[in-house]
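Trainee: Sequence unavailable; structure follows:
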């Protein structure tokens, strides 16, 4: 006869097995998505970023799961093999995202892996209860910066245009140049924060949470969620318009006070809550549709029927569930090991050493470094920038810029976007091949105009031996190079010179002379 202590000793390992498996599972997920977490944290903490609310999302998810704790505890759990059709593609997506170093893709893979694990190990009933909390995690996955920059750029131009039109309607003198609004008291800058995209992203998360907690019907929940988009846009238009009015009446310096950036965010969420609450109240106050006596009798008969007995899930052999769990842990271990190996930092030359290799004297040209302000670095997205002004013996002057992005959250930007934001009007654009020795270098020429005069801009992108004028082709080339070398560089080379309307050949001649002298150093020095 066994002693009680022996029975306890035998049962204890079995009782602790789920806890040990959960700890191993959590450790493998941390190892698999370690670089994804670092990327997210960098985006959360980025000054002037769009995802500072990301820190709150895990706590909101914890609250949502806590609200459903009784239903989750009572929910039957069983292994569900079809869940592998969600889990395995998510694991492969994580490997691809690690190879290409695409944080957004890895963030989606994280959601897919979590959802796949819940569905496969706990079953569809448990998965349905946890679906919204898992989906809500998407609000902490930053969307690609290219998408953010494109949308933010268009939104801030639209906000500046509407605010200028409203000011004109009130008889105030305001002129828009790109994202700048010029008024008699100075110049207002409609920067990325003023685009409203940051508030739009945060308000969409708030709207989704509010709609989920509401007791209205499903289609009305979608209405509440979508309502956050116009609320954010209209509120931001009002904010920019208020900037113009305050700057016009009390000076531009007053607009730069803290309450236009910090306090407005709190006011915006209060306004959003009031609007959502008012719409929800109208939805709940709507009287139910009238029903005939026959319909009411049918509904009463159906309600009086006893509920059908729940069909319990088919019993599953314990050894099959254990085999599935062990197999999943092994797959996670393999993907985690590959993610660590592929994503581990590799040695790379400091950007300062690379950029300092570009000489200040090239041929007949002598350059002087230019200091960039904080806003310029924010627009460029990186501090690995070379900005110089070159002058030759004839007095020709060229503004030269190199932007270098090496395995950072930043990347190069299309010059068309930056120049338009600075108030330039692009009169024309054309591509050409420029011969440097035996090599043809592709050049994209932009003809620019602004109140100060006309300019001519040449630029091209470089990543290894790949040279192009197409931004998208360049980004694809960088992504493919990072399969072998996660530290592959993303380089933009840009030069500008004054354009003379009376002598249209002068600007191209100046830039051609400069590129003939400097391009051999660029091809040899830049990665």
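Mentor: Noted; the coordinates are in hand. Keep in mind the model is a prediction, meaning the values are calculated, not measured.
Trainee: drop to CA atoms for contacts and neighbour counts, all remaining ones
Mentor: Fine.
Trainee: my guess is residue 214 contacts residue 221, does it?
Mentor: Yes. Under the criterion of Cα atoms under 8 Å, residue 214 makes contact with residue 221 at 7.2 Å.
Trainee: Compare neighbour counts for these two and give me the winner.
Mentor: Ranked by neighbour count (other Cα atoms under 10 Å), residue 214 and residue 221 place residue 221 first, with 22 against 16.
Trainee: The residue lying closest to that one once chain neighbours are set aside and residue 223, how far apart?
Mentor: Excluding its sequence neighbours, the residue lying closest to residue 221 (Cα to Cα, 6 or more residues apart in numbering) is residue 211, at 4.8 Å. For residue 211, the distance to residue 223 equals 8 Å [Cα to Cα, to the nearest Å].
Trainee: Counting neighbours, go ahead and name the busier of these two.
Mentor: Between residue 211 and residue 223, counting by other Cα under 10 Å, residue 211 is the more crowded of the two (22 against 16).
Trainee: Look up how far residue 471 lies from the more buried one.
Mentor: 39 Å.
Trainee: Quick check: the residue nearest to residue 221 is in a helix.
Mentor: Yes. Assessed by DSSP: H, G, I helix; E, B strand; the rest coil, residue 211 belongs to a helix.
Trainee: dump the residue contacts of residue 386.
Mentor: Residues near residue 386 by Cα atoms under 8 Å, 6 or more residues apart in numbering: 355, 369, 400, 401, 402, 403.
Trainee: does it count as helix, strand or coil?
Mentor: Reduced to three states by three-state DSSP, residue 386 is strand.
Trainee: Model confidence score at it, please.
Mentor: Note for residue 386: predicted pLDDT of 88.
Trainee: now swap in residue 106 and tell me
Mentor: Reported pLDDT for residue 106: 91.
Trainee: Tell me which helix or strand it sits in.
Mentor: Applying DSSP states H and E as the criterion places residue 106 in helix 103-122.
Trainee: Determine the set of other helices and strands touching that helix.
Mentor: Judged by 3 or more Cα pairs under 8 Å, 6 or more residues apart in numbering; DSSP states H and E, the packing partners of helix 103-122 are helix 34-45, helix 84-100, helix 124-136.
Trainee: Now do the strands in the stretch 101-250 of the chain.
Mentor: Counting by DSSP state E, counting those that start in this stretch, the stretch 101-250 of the chain has strands at residues 175-177, 180-183, 186-189.
Trainee: Need those in TSV (columns: distance to residue 85, mean pLDDT and mean neighbour count).
Mentor: Shown next, in TSV, are these (distance: least, Cα to Cα, whole Å; pLDDT from 0 to 100; neighbours: other Cα atoms under 10 Å):
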stretch	distance to residue 85	mean pLDDT	mean neighbour count
strand 175-177	52	78	19
strand 180-183	51	80	20
strand 186-189	49	75	19
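Trainee: Mind checking the ones you listed for the one nearest to residue 76?
Mentor: Within these, the stretch nearest residue 76 is strand 186-189; the backing value is 57.4 Å (Cα to Cα).
Trainee: Give me the sheet partners of the closest one and which way each runs.
Mentor: Using DSSP bridges, the strands paired with strand 186-189 in its sheet are strand 180-183 (antiparallel).
Trainee: now the strands for the stretch 401-527 of the chain?
Mentor: Under DSSP E, counting those that start in this stretch, the stretch 401-527 of the chain gives strands at 425-436, 439-450, 453-463, 466-468, 489-498.
Trainee: Residue 72: neighbour count?
Mentor: 17.
Trainee: Can you classify it as helix, strand or coil?
Mentor: helix.
Trainee: my guess is it contacts residue 127, does it?
Mentor: No. Using Cα under 8 Å, residue 72 is not in contact with residue 127; the gap is 9.5 Å.
Trainee: residues touching the residue most central in space within the chain, list them.
Mentor: Central residue of the chain (Cα atoms, centre = their mean): residue 143, 2.6 Å from the mean position. Residue 143 sits next to residue 104 when contact means Cα under 8 Å, 6+ apart.
Trainee: That one and residue 157: what is the separation?
Mentor: Taking Cα to Cα as the measure, residue 143 falls 21 Å from residue 157.
Trainee: rewinding a little: worst mean pLDDT among the strands of the stretch 401-527 of the chain?
Mentor: strand 425-436 - the lowest mean pLDDT of the strands of the stretch 401-527 of the chain, at a mean of 83.
Trainee: and it, how far from the chain's centre?
Mentor: Centre-to-centre, strand 425-436 and its host chain are 30 Å apart (Cα atoms, centre = their mean, to the nearest Å).
Trainee: do the same with stretch 42-54
Mentor: 10 Å.
Trainee: in it, what's buried?
Mentor: 43, 44, 50, 51, 52, 53, 54 (16 or more other Cα atoms under 10 Å).
Trainee: wait, what's in contact with residue 363?
Mentor: With Cα under 8 Å, 6+ apart, residue 363 has these contacts: residue 517.
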